[in-house]
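# Compute the structure for the input listed below.
(one chain, ligands or ions: 2)
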Amino acid sequence: MQQDIREILIDRYAIQARIFRMAQEIGEAYKDREFLLMPLLTGSIIFVADLVRHLPVRMKIDVLAVSSYRGKVTVNEGARVLYPTTFDVTGKHVLVIDDILDSGRTLMTVTELLKQQGAASIKTCVLLKKKLPIKPAIDADWVGFEIPDEFVVGYGLDFNGYYRNLPDIAVLHKHAMQ
Ligand code: 5GP
Ligand code: MG
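Ligands and ions are numbered 1, 2, ... in the order given. Next up, the predicted model:
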């Protein structure tokens, strides 16, 4: 696996330091109201696992499975909610967590859905945001790091299902993305 990595963009220590600070801010924002954390599978699992352990506030977790990339495709084709088929967020303060904000279509789709379902408030948090010439369809309330417009893996993010277990955020060599 190591020979597939071209460059480490953000190492595990920088990730942990940033997550600790984000958790302080999120904890402060929700200190007076119970909230529902909604991680988008599968990319955000490692991020959310680290984040919640720094959040000493009253909260619940409900996961949502959204599909944007399939297989070896690295171009977004728009998001679809795959799981669950029904859920209840009526009157709840929802914080959506995703691994990375790219075009913003995923977060847009999910927040529109939560609005329709009657969430009391919706906020969004991503570990990474790509620096793009065009603005994303929606911005996130909390962003861990802004990164160049490259396809990244590690710390939950995959290529064709692999590399989620890399502890750092990395860019792959071309040969690894065939
Ligand atoms: P958006 O809908 O904002 O264009 O894309 C967000 C989703 O696309 C993320 O949830 C993530 O699954 C996927 N994605 C976007 N950029 C990358 C990337 O550089 N690497 C990986 N592994 N997934 C990405
Ligand atoms: Mg995703």
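
# Identify, by residue count, the longest helix of the protein.
helix 12-29 (DSSP state H).

# what's the burial count for the residue lying closest to Asp102 once chain neighbours are set aside?
Distances taken as CB to CB, 6 or more residues apart in numbering put Lys130 closest to Asp102, at 5.1 Å, once the chain neighbours are dropped. The way it works is simple: take the backbone N, C-alpha and C, and place the C-beta from them, glycine included. Residues near Lys130, counting by other CB atoms under 10 Å, number 18.

# Flag every residue of this structure that's near ligand 1.
Contact residues, the chain versus ligand 1 (CB under 6 Å from any ligand atom): 40, 43, 68-69, 76, 79, 98-106, 151-153, 157-158.

# redo that, cut-off 5 Å
Within the chain, the positions adjacent to ligand 1 are 43, 68, 76, 98, 100, 102-106, 151-152, 157 by CB under 5 Å from any ligand atom.

# Using TSV, please lay out the residues you listed together with pLDDT and neighbour count.
TSV is the format used below for the residues of the chain next to ligand 1 (pLDDT from 0 to 100; neighbours: other CB atoms under 10 Å):
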residue	pLDDT	neighbour count
Gly43	95	26
Ser68	68	19
Asn76	54	13
Asp98	97	28
Ile100	97	23
Asp102	95	22
Ser103	92	19
Gly104	93	23
Arg105	90	18
Thr106	92	29
Phe151	97	15
Val152	98	23
Leu157	98	22
